[in-house]
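Student: everything below, folded, please.
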Amino acid sequence: MVSKLVKVAAVQAAPVAFDLERSLERVAKFTAEAARSGADLVVFPEGFLSAYPWRYAFDATIGAREPRGRKWYAKYYNSAISLSSPEFGNLRSIAEQNSVFLSVGIIEKDGATLYCTAVLIDRGGELLSAHRKLIPTAAERLVWGQGAGDGLKVIDTELGKVGGLICWENYMPAARLTLYQQGIEIYIAPNADDLPSWVASMQHIAKEGRCFVISVNQFCKVSDFPSDYPPFTPEHHDRQSDGSPWTPEAVLSHGGSCIVGPLGTFLAEPVWDREEIVYAELNRDELIESRMDFDAVGSYARPDIFTLTVNAKPVANVSFE
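Tutor: Numbers count the residues shown, from 1 in each chain. This next block holds a predicted model:
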């Protein structure tokens, strides 16, 4: 039976970058706190396990790669998480122990490749979906592979129909339409964008899709990274926007996590410049009410004019006949 009222929690916090074990401890801590507050669904930002590598392209430039960057990439790889690993089993146990649905942005390792992935785990600790980012943005493409259409899924749960996209995938109209066509009701958007224009996009998507949108970003500082992380060491040329050197308390991501209702209005206003769990209660009656006058894939669709074809098959680089 689908719940009429659903309490959701967006965790605006940072992991212990490049340290999977300690980052998992933070997932456990925040999940337990949200569960004690009655949350049914707990959502973590993009790349929470165990780093969004702020301001570092691993010493790669066009035509050249440096040994230091390869060593740091290896550290990044070693702090990533495989879906078949004991560490991922720990993540599943966190959901089960707290009896919550758990959505976490992870850096997934599969073979020698890393992917930016969002996973959804149910109250019993079962993995319901793993969506790999279709197009990593800008320099992200150096370190993350591309996802395939098999990750564009909306999962029918006791909370409603749950799915989502990662960061700038949300600017891909066809990807959004794919989720709308599956009847998405709770749209999860883990991201690393703290610009005001991002918040406006979250309101637009909620109103366009007539769905609830959970936007969750890290509040992250230099001190969340190892002391020898290259962009923030004194000898590195990278500087803050005012030209000053980086300090441990300098903010890398200001957050802006928020929760939006299906008419584009805030159920929880954006939170800036602090660690916080952002809560909201979702009333599923509002979904039907909002679709009275607009339904992107129903009353407002024109299938006689527009069609969208989605390849939902997994993609393998090598096939054996």
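Student: shaky segments in the protein?
Tutor: 237, 317-321 (pLDDT under 70).
Student: try it again at 80.
Tutor: 1-3, 235-238, 315-321 (pLDDT under 80).
Student: helices of that one, residue ranges please.
Tutor: Taking DSSP state H to define them, one finds helices in the chain at 20-36, 67-78, 86-98, 173-181, 196-209, 285-290.
Student: out of these, which comes closest to Leu152?
Tutor: With CB to CB as the criterion, Leu152 lies closest to helix 173-181 of these, at 4.9 Å. Where C-beta positions appear, they are placed from N, C-alpha and C, glycine not excepted.
Student: follow-up on the earlier one: any chance of the helices of the chain in JSON lines, plus distance to Ser227?
Tutor: Listed next are the helices of the chain as JSON lines, based on distance: least, CB to CB, whole Å:
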{"stretch": "helix 20-36", "distance to Ser227": "15"}
{"stretch": "helix 67-78", "distance to Ser227": "13"}
{"stretch": "helix 86-98", "distance to Ser227": "24"}
{"stretch": "helix 173-181", "distance to Ser227": "38"}
{"stretch": "helix 196-209", "distance to Ser227": "30"}
{"stretch": "helix 285-290", "distance to Ser227": "47"}
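Student: phi and psi next, for the residue nearest to Val315 when sequence neighbours are not counted.
Tutor: In space, and not counting its chain neighbours, Val315 is closest to Ala148: 4.0 Å by CB to CB, 6 or more residues apart in numbering. Backbone torsions of Ala148, given as degrees, to the nearest 10, read phi -130, psi 170.
Student: could you report the neighbour count for the closest residue to Met1 other than its chain neighbours?
Tutor: If the residues on either side of it in the chain are set aside, Met1 comes closest to Glu158, at 6.8 Å by CB to CB, 6+ apart. Neighbourhood size, Glu158 [other CB atoms under 10 Å]: 13.
Student: now Glu158: how far from Tyr171?
Tutor: For Glu158, the distance to Tyr171 (CB to CB, to the nearest Å) stands at 31 Å.
Student: how about Lys75?
Tutor: Separation of Lys75 from Tyr171 (CB to CB) stands at 31 Å.
Student: show me the contacts for the residue nearest in space to the middle of the chain.
Tutor: Nearest residue to the geometric centre of the chain (CA atoms, centre = their mean): Pro190, 2.5 Å. By CB atoms under 8 Å, 6 or more residues apart in numbering, the residues touching Pro190 are 43-46, 48, 103, 105, 118, 164, 166-167, 216-217.
Student: gap between it and Tyr73?
Tutor: Distance of Pro190 to Tyr73, given as CB to CB: 22 Å.
Student: what of Ile259?
Tutor: 35 Å.
Student: repeat for Ser215
Tutor: 29 Å.
Student: these two - which one has more neighbours?
Tutor: Comparing Ser215 with Tyr73 by other CB under 10 Å, the one with more neighbours is Ser215, at 31 against 19.
Student: doesn't Leu195 make contact with the more buried one?
Tutor: No. Here Ser215 does not reach Leu195: they are 12.0 Å apart, not a contact under CB atoms under 8 Å.
Student: okay, and the common contacts of the two?
Tutor: Residues within reach of Ser215 and of Leu195 at once, by CB under 8 Å, 6+ apart, are Gly256.
Student: which residues of the stretch 151-300 of the chain fall in strands?
Tutor: For the stretch 151-300 of the chain, the strands defined by DSSP state E, counting those that start in this stretch occupy 155-157, 160-164, 186-191, 212-217, 219-221, 251-260, 266-272, 276-283.
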